[in-house]
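Novice: what follows is a protein structure lacking sequence information:
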């Protein structure tokens, strides 16, 4: 994930670094050894508690996208860059982010098998049906019919981007991997509260 710009101002970045440090410190004290970044479990706990994400497979994929160095640990830079898109990304950035989350094997396409795997994973929480796989295959067919513009049986980035631009609701078609507006706002309010209090006092 290449990011040209931070979408946070300097004070907000400082607040995010402070939050990162406190999460790492918490992780260090529970592990009884120094921790340099957020490991997989700590990051998932944060996604769950701060943003209400519950889908294990999606949280795992979000971790992989944040972890640009692929060292199984989120550094402070990866944390701020990742949250920049996660919380305030433009539509372009969020399309790229979701596509990378859904492209499970990183080959530049979302294949029929990958769609099946993700939809099965997010829908199996429903009551058991006789043939749940059949219903999921139907959903995959519907998704391809709607999104596969060059009709090659898989979604390229261009297919996905066009489909989402035509219909924004398709952004998270294969599983929730971004926070909803309510949890984003709650997270920002809580994390940036000190800044807002300061600017309030300056203005008054």
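Specialist: Great, that's in hand. The model shown is predicted, which means the values in this text are computed figures rather than measured ones.
Novice: need phi/psi at residue 108.
Specialist: phi 90, psi 0 (degrees, to the nearest 10).
Novice: thought it was touching residue 158?
Specialist: No. Taking contacts as Cβ atoms under 8 Å, residue 108 lies outside contact range of residue 158: 10.4 Å. (Glycine included, C-beta is placed from N, CA and C.)
Novice: now the helix of greatest length in the chain: mean pLDDT?
Specialist: Secondary structure of the chain per DSSP state H: the longest helix is helix 10-31. Here helix 10-31 scores 87 as its mean pLDDT.
Novice: tell me the buried residues in the following helix or strand past it?
Specialist: Later in the chain than helix 10-31, the nearest helix or strand by DSSP states H and E is helix 40-51. Neighbour-count burial for helix 40-51, counted by 16 or more other Cβ atoms under 10 Å, picks out 42, 43, 44, 45, 46, 47, 50, 51.
Novice: repeat for stretch 81-98
Specialist: 81-87, 89, 93-98.
Novice: just the terminal-to-terminal distance for it.
Specialist: Stretch 81-98 has an end-to-end distance of 15 Å (criterion: Cα to Cα, to the nearest Å).
Novice: stretch 67-85: how far from the chain's middle?
Specialist: Distance, stretch centre to chain centre, for stretch 67-85: 12 Å (Cα atoms, centre = their mean, to the nearest Å).
Novice: again with stretch 111-125
Specialist: 17 Å.
Novice: how about stretch 78-97?
Specialist: 8 Å.
Novice: try stretch 41-51
Specialist: Distance, centroid of stretch 41-51 to centroid of chain: 11 Å (Cα atoms, centre = their mean).
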